[in-house]
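Enquirer: Okay, here's the prediction I keep looking at, along with the sequence it came from:
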Amino acid sequence: MKLNWAERWAVNNPLRVLQQGLEIHWMRRMAEGFPQGAMILEIGCGRGAGARLLLDKFAPGLVHVTDLDLDMLRRSLRYPGPGRHKKVRLVVADAASLPYPSASFHAVFGFGVMHHVVGWRDALGEVARVLRPGGLYFLEELYPALYANFLTRRLLLHPRQGRFDSISWREALKNKGFSVLKALEHPLLGIVAVAKRCERGGIPPGLELKKR
């Protein structure tokens with residue numbers, strides 16, 4: 001689901017970049033030994049601020065960034081900075097149907113993405129599919145008490161049915177083969193976490209490797 005005017009304002013202001021920078025700094029500290037030159041995917045990249053921060057903190061070989069909104073991808077063309085575009089690939093894509101072969105990435109990042117996706121369980125399955133065995137999923141997600149309360153539901157645009165809370169989100173991660181390694185969470189507001197995809201022998205039923 002694309003963002004409305006209020007959400008675009010929320011994600012495109014300097015405070016959001018500051019928040020994202022703090023979260024990525026914490027994620028980097030929690031991922032000791034993460035390899036330089038890794039293949040990274042960011043889903044729901046917005047205007048591209050996250051990609052620039054990921055280039056600084058994780059030193060990847062290549063960052064693929066996707067968004068459903070072509071206008072946001074156009075904005076992200078300006079963000080990586082001089083000399084960095086060669087390490088960034090922009091792709092219009094639905095998070096529930098990622099255009100990559102299985103086991104393509106060392107890490108997947110998502111900042112406030114899944115609670116916008118109608119088929120978020122399918123999208124979570126796609127994250128698991130495109131990660132290499134043992135790969136890391138770095139995530140920030142919000143819960144309905146924050147984005148769909150009496151006030152915010154009048155301003156923000158989100159799917160109304162089948163939303164996840166703390167319990168159902170953690171249960172879905174487990175069902176898709178993830179174990180949460182580190183997390184900062186408020187059970188009513190949201191979670192910032194690092195989750196690890198199961199090794200090859202532990203791939204859950206229905207998540208067979210496949211090519212796109």
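Expert: Thanks, I have it.
Enquirer: Give me the residue at the spatial middle of the chain.
Expert: For the chain, the residue nearest the mean C-alpha position is G110 (1.0 Å; C-alpha atoms, centre = their mean).
Enquirer: So it belongs to a strand, correct?
Expert: Yes. Assessed with DSSP: H, G, I helix; E, B strand; the rest coil, G110 lies in a strand.
Enquirer: isn't it right next to V127, touching?
Expert: Yes. Applying C-beta atoms under 8 Å, one finds G110 in contact with V127, separated by 7.3 Å. From N, CA and C alone the C-beta is placed, and that goes for glycine too.
Enquirer: joint contacts of these two?
Expert: I43, A95, Y137 (C-beta atoms under 8 Å, 6 or more residues apart in numbering).
Enquirer: Under the pLDDT cut-off, which ranges of this structure? List them.
Expert: By pLDDT under 70, the low-scoring segments of the chain are 1-11, 79-84, 153, 156-157, 200-212.
Enquirer: any residues touching the longest strand along the chain, and which ones?
Expert: Identified as the longest strand of the chain according to DSSP state E is strand 131-142. For strand 131-142, contacts defined as C-beta under 8 Å, 6+ apart pick out 23-24, 27, 31, 34, 103-115, 127-128, 164, 169, 178, 181, 189-200, 203.
Enquirer: Leaving out chain neighbours, which residue sits closest to E199?
Expert: In space, and not counting its chain neighbours, E199 is closest to P133: 4.8 Å by C-beta to C-beta, 6 or more residues apart in numbering.
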